[in-house]
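**Student:** sequence-free structure coming up:
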Ligand SMILES: [Zn+2]
């Protein structure tokens, strides 16, 4: 193959001989320039775009970090491999232009999520971290925070977002019956649901039920929690 005229594709690189000045005897002097090959560029672009798209809908913070980590590792790997190519910066500039467009679209999609809500959950999480329940164990307080993130700030029964004063940490198996402060034995429910789980007086039950408007499914969850506390189920 005539390297002087064509790019020669090899392992994702394309090489081309370029004339650069003349030898003292008047002959043309050539240097070899190398680019990332078109095929490899396409491959990199596809993967980078896919990773950028993945950033749009991470399930949680942990996943966000994993995706960003994977993206950075991928970019670093590609840079290291193609760092050998002489014209590689121009090639990457071209690729990054396309990826950045995808990235921007992804981040825009994220911004469309209710920002205020997210901010509020973060503030509440910080509040819970800074204000542990003093007469409880470290395990209890850690799990209270873990559950708050795990439940995305929502009541485990109603699925509604809880205000900071509404967050109640309930022992599924009561401490009095030997229930511990493990993650599995705790759950976060809103104050009224918590009262309902432990209520025994008919008038209390009635008032709470009237306020909460539970669906049959939600009532089923309340009754499951009552059963674990050895309380009779609420009939409707
Ligand atoms: Zn409780």
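**Tutor:** Yep, that arrived. Keep in mind it's a predicted model, so treat the numbers as computed, not measured.
**Student:** How many neighbouring residues does residue 204 have?
**Tutor:** Look at residue 204: counted by other CB atoms under 10 Å, it has 13 neighbours. Quick note: C-beta positions are derived from backbone N, CA and C, even for glycine.
**Student:** what helix or strand does the residue nearest to it when sequence neighbours are not counted sit in?
**Tutor:** Spatial nearest neighbour of residue 204, excluding adjacent residues (CB to CB, 6 or more residues apart in numbering): residue 195 at 7.2 Å. Under the criterion of DSSP states H and E, residue 195 resides in helix 191-198.
**Student:** packing partners for the following helix or strand past that helix?
**Tutor:** As assigned by DSSP H and E, the chain's next helix or strand after helix 191-198 is helix 202-212. In terms of contacts (3 or more CB pairs under 8 Å, 6 or more residues apart in numbering; DSSP states H and E), helix 202-212 is packed against helix 191-198.
**Student:** Tell me the buried residues in the helix it packs on?
**Tutor:** By 16 or more other CB atoms under 10 Å, the buried positions in helix 191-198 come out as 192-197.
**Student:** Let's verify the residue of the chain most remote from its centre: helix, strand, or coil?
**Tutor:** No residue in the chain has its C-alpha farther from the mean C-alpha position than residue 25, which lies at 64.4 Å (CA atoms, centre = their mean). Here residue 25 is coil, with the state taken from DSSP: H, G, I helix; E, B strand; the rest coil.
**Student:** Start at 56, not 1
**Tutor:** Happy to do that; since the first residue is 56 now, the last one works out to residue 80.
**Student:** still on that earlier bit, give me the contact list for the helix holding residue 250.
**Tutor:** If you take CB atoms under 8 Å, 6 or more residues apart in numbering as the criterion, helix 246-253 is touched by 210, 212-213, 220-223, 225, 244, 259-260, 263-264, 266-267, 277, 280-281, 284, 286, 289.
**Student:** next one: stretch 268-275
**Tutor:** Contacts to stretch 268-275, defined as CB under 8 Å, 6+ apart, come from residues 212-214, 267, 277, 289, 291.
**Student:** repeat that for 10 Å
**Tutor:** Contacts to stretch 268-275, defined as CB atoms under 10 Å, 6 or more residues apart in numbering, come from residues 210, 212-215, 248, 251, 263-264, 267, 276-277, 288-291.
**Student:** Stretch 185-196: which residues count as buried?
**Tutor:** 195-196.
**Student:** same deal with stretch 267-278?
**Tutor:** 267, 269, 273-274, 276-278.
**Student:** I'd like the distance from it to the chain centre, please.
**Tutor:** 30 Å (CA atoms, centre = their mean, to the nearest Å).
**Student:** Setting the sequence-adjacent residues aside, check what's closest to residue 213.
**Tutor:** residue 273 (5.8 Å).
**Student:** And the one you found, what's its pLDDT?
**Tutor:** Looking at residue 273, its pLDDT reads 97.
**Student:** secondary structure class for it?
**Tutor:** Under three-state DSSP, the three-state class of residue 273 is helix.
**Student:** Mind checking which of the contacts of helix 246-253 are buried?
**Tutor:** The buried subset of the contacts of helix 246-253 (16+ other CB under 10 Å) comprises 210, 212-213, 221-223, 225, 244, 263-264, 267, 277, 280-281, 284, 286, 289.
**Student:** Which members of those are positioned in helices?
**Tutor:** When DSSP state H defines the helices, the subset of those inside them is 263-264, 267, 277, 280-281.
**Student:** Might you list the low-confidence residue ranges for this protein?
**Tutor:** Filtered on pLDDT under 70, the chain yields the residue ranges 56-68, 110-111, 113-128, 130-144, 147, 152, 162-170, 173.
**Student:** Quick check: the gap between residue 177 and residue 204.
**Tutor:** Using CB to CB, to the nearest Å, residue 177 is found at 10 Å from residue 204.
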